[in-house]
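[1] Structural data only, the sequence is not supplied:
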């Protein structure tokens, strides 16, 4: 995968670690601390962990995804000129050091105008200043990433503070890399799949795929694209996997009904949105949901499955729970039974 969803950081740590044998949540935290991993914004404005070596390519591609008018009313939205002012102000301010969003509020208003501080964006039980609707854009234009947390508050910084030569890669380099990585992770895919993954126009996705080095393959839903020569994926065999909240595979896979068939559609999705429940994947298909509850080192893992696992798959599930315990640096115990908590619990 290009990057790991980081909407829930504890889940992002599991997403990364389950793909790297021998690693734990500490491995991921150390990578963030030493700068080899970066937390930033990705497709659809969602939070992601990105290998820092790929950051210039990541933002070089995302900065060229067409932007729509957005969901805010006209009297709330930034104009294009205002958004450009905000990006410049944020980039200049963060070159001076790491700041929280509240600290950025005053700096952005001082460098742009009072309009940037108008409290017009509904947020939780209050309102945020107008400029904050451009935070993801600042990241996609390469002037903002997450810094080191200050207690319970997140901070932002400019990637040029770590690497003065940092700059987004040019589109002619970044976009082929971006599309190739998407197809390798989620292909076979169609232009509609790529457009949906980025919340972008279909015409944009078609143009990128037309320019990419791909080949067509036959799948159940018709014809779709893979990277040229990337036609022999490893067989899933009798695999069992526990995927955490917002794991990239569940979020990015298309068509969704193939990974979430039958009961999984109603039980493991939230209004067709993937990621809200940790899922049990059996032979590449969602066959259950799971939940963990921690008390000290003890981790109670409850798995609700509506598939007949059989002895071999049950052993594979037990191995997955043991691996989860290693990643979370705790002592896990598996219980098969109903998961009674809701999404994000």
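    Arrived safely, thanks for sending. The model shown is predicted, which means the values in this text are computed figures rather than measured ones. Numbers count the residues shown, from 1 in each chain.
[2] now stretch 142-149: mean pLDDT?
    What stretch 142-149 shows for mean pLDDT is 95.
[3] pLDDT below threshold where in the stretch 151-300 of the chain?
    Within the stretch 151-300 of the chain, the stretches with pLDDT under 70 are 234-237.
[4] need the strands for it, in chain order.
    Secondary structure of the stretch 151-300 of the chain, counting by DSSP state E, counting those that start in this stretch: strands at 156-157, 214-219, 222-227, 240-243, 279-282, 285-295, 298-305.
[5] In terms of helices and strands, where is the residue located most distally from the centre of the chain?
    What lies farthest from the middle of the chain is residue 311; by C-alpha atoms, centre = their mean that is 34.1 Å. Element membership for residue 311, per DSSP states H and E: helix 310-328.
[6] how big is the angle separating that helix from strand 298-305?
    Counting by axes from the mean of the first three to the mean of the last three C-alpha atoms, to 10 degrees, helix 310-328 lies at 140 degrees to strand 298-305.
[7] end-to-end on stretch 142-162?
    This stretch, stretch 142-162, spans 13 Å end to end (C-alpha to C-alpha, to the nearest Å).
[8] which outside residues touch that stretch?
    Residues from elsewhere that reach stretch 142-162 (C-beta atoms under 8 Å, 6 or more residues apart in numbering): 33, 35, 38-40, 55-56, 59-60, 63, 87, 90-91, 94-95, 97-102, 104, 135, 138-139, 166-168. In this view, the C-beta of every residue, glycine as well, is placed from N, C-alpha and C.
[9] what's around residue 16, how many residues?
    When neighbours are defined as other C-beta atoms under 10 Å, residue 16 has 23 of them.
[10] swap that for residue 191, sorry
    Neighbourhood size, residue 191 [other C-beta under 10 Å]: 18.
[11] Offset the numbering so it begins at 17, please.
    Right, with 17 as the first residue, what we last looked at is residue 207.
[12] ok so, going back, identify whichever of the strands of the stretch 167-316 of the chain lies nearest to residue 147.
    Of all those, strand 172-173 sits nearest to residue 147, with 12.5 Å by C-beta to C-beta.
[13] For the closest one, what is the distance to the chain centroid?
    Relative to its chain's centre, strand 172-173 lies at 19 Å (C-alpha atoms, centre = their mean, to the nearest Å).
[14] Tell me who's in contact with the residue farthest from the centre of the chain.
    Applying C-beta under 8 Å, 6+ apart, we find residue 327 in contact with no residue.
[15] Can you pull the domain assignment for this protein?
    187-243, 256-352 (automatic domain parsing).
[16] Present those as CSV; the columns should include distance to residue 170.
    Formatted as CSV, the domains of the chain follow (distance: least, C-beta to C-beta, whole Å):
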stretch, distance to residue 170
domain 187-243, 23
domain 256-352, 17
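[17] Nearest to residue 97 among those would be which one?
    Once these are compared by C-beta to C-beta, domain 187-243 is nearest, at 22.3 Å.
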